[in-house]
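K.L.:
here are the coordinates; sequence isn't available:
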């Protein structure tokens, strides 16, 4: 049996390794673009420019955009005292400012957290989850989302979304450069090396968005395990979250109407219907709920 703190430490290390790999991938793309145009510095500058623009947009507007996309509505203590008090109590336990509470009018059992820091964070739950969970189960779900906020998972996941956007942009730019004949006037020095670089560049341009998406989803899966462990620490009652996950797993209609691929990794469980198959497993946003329950029971 692994201790809770070992689980948290292990997943933090793995998550940051994945972020590092993401940055290496972007660097490679920038370098290939630079070689194509005769200057590696030019390619790295393009990568840096795209990165800065996308980072600024994601950092300052990502939270409000996500809430708007999911049709989340802010709640007051008078409307949903049960949810409001639970969020407030778990925030005190986590020693962070109380996040704003939001509700999505949907029968699916789900929840997510978002924001760029503790001060701008929010926790959103569906009305279906509120109707189905008892006090300990709701505390477990809220504690899971509060852990994402406390550990700045919300910032890391927004960063991951920004990084995949940069990878896609650079890949598209590289492919268009080949189509427009970029770098052809430098082939006199290239010879076989030039041909090899073009082939490598094309392969990177095609595969980078796919690899980037797989890395982003892997980050999400690792951090779900970590948030489960931290949530158990906050409530001092792992069976509460385990029981909530069982109910979520048995939800006959898990589809969240306003969820999409851009926001799926934020939810406590996949907001889409589970699909079987090797390819589907590669692009899963969450680890299997059965595995998460098993780990909570072992704590």
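P.N.:
Here it is on my side, so go on. Quick caveat, the model's predicted, so the values are computed rather than measured.

K.L.:
and for residue 81, the neighbour number?
P.N.:
When counting by other C-beta atoms under 10 Å, one arrives at 11 neighbours for residue 81. (C-beta placed from N, C-alpha, C; glycine too.)

K.L.:
what do you get for the one 10 residues further on?
P.N.:
Other residues within reach of residue 91 by the criterion other C-beta under 10 Å amount to 22.

K.L.:
what do you get for residue 239?
P.N.:
16.

K.L.:
and the one 5 residues further on, by the same measure?
P.N.:
Burial of residue 244, expressed as a neighbour count using other C-beta under 10 Å, amounts to 30.

K.L.:
same question, residue 78
P.N.:
Every residue meeting other C-beta under 10 Å relative to residue 78 is counted, giving 7.

K.L.:
and what of residue 94?
P.N.:
Residues near residue 94, counting by other C-beta under 10 Å, number 22.

K.L.:
can you pull the contacts of it?
P.N.:
Residue 94 makes contact with 143, 146, 147, 149, 150, 234, according to C-beta atoms under 8 Å, 6 or more residues apart in numbering.

K.L.:
try 10 Å
P.N.:
With contact set as C-beta atoms under 10 Å, 6 or more residues apart in numbering, residue 94 has these partners: 118, 142, 143, 146, 147, 149, 150, 151, 230, 231, 233, 234.

K.L.:
could you do residue 73 as well?
P.N.:
Residues in contact with residue 73, defined by C-beta under 10 Å, 6+ apart, are 67, 79, 102, 103, 104, 105, 124.

K.L.:
picking that back up, how about TSV for the contacts of residue 94, with neighbour count added?
P.N.:
Listed next are these as TSV, based on neighbours: other C-beta atoms under 10 Å:
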residue	neighbour count
118	18
142	30
143	29
146	28
147	24
149	26
150	23
151	19
230	25
231	30
233	17
234	22
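
K.L.:
redo those as CSV? Include pLDDT, distance to residue 221 and secondary structure.
P.N.:
As requested, the contacts of residue 94 are exported to CSV (pLDDT from 0 to 100; distance: C-beta to C-beta, whole Å; DSSP: H, G, I helix; E, B strand; the rest coil):
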residue, pLDDT, distance to residue 221, secondary structure
118, 88, 24, coil
142, 97, 21, helix
143, 97, 19, helix
146, 95, 19, helix
147, 93, 15, helix
149, 91, 19, helix
150, 89, 19, helix
151, 85, 15, coil
230, 90, 16, helix
231, 92, 16, helix
233, 90, 20, helix
234, 92, 21, helix
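
K.L.:
now for these, which pair is the farthest apart?
P.N.:
Spatial extent of the contacts of residue 94 (C-beta to C-beta) is set by the pair 118 and 233 at 17.4 Å.

K.L.:
picking up where we left off before, now, among the contacts of residue 73, which is nearest to residue 222?
P.N.:
Looking across the contacts of residue 73 and measuring by C-beta to C-beta, the closest to residue 222 is residue 124, at 22.0 Å.

K.L.:
my guess is the closest one meets residue 130, correct?
P.N.:
No. If you go by C-beta atoms under 10 Å, residue 124 and residue 130 don't touch, sitting 11.2 Å apart.

K.L.:
the two - which one has more neighbours?
P.N.:
Taking other C-beta under 10 Å, residue 124 and residue 130 do not tie; residue 124 has more neighbours (26 against 18).

K.L.:
got a pLDDT number for the closest residue to that one other than its chain neighbours?
P.N.:
Nearest residue to residue 124, sequence neighbours excluded (C-beta to C-beta, 6 or more residues apart in numbering): residue 102, at 3.9 Å. pLDDT for residue 102: 96.

K.L.:
so what strands line up beside the helix or strand containing residue 102?
P.N.:
Secondary structure from DSSP states H and E places residue 102 in strand 100-104. Here strand 100-104 is paired, per DSSP bridges, with strand 73-74 (antiparallel), strand 122-126 (parallel).
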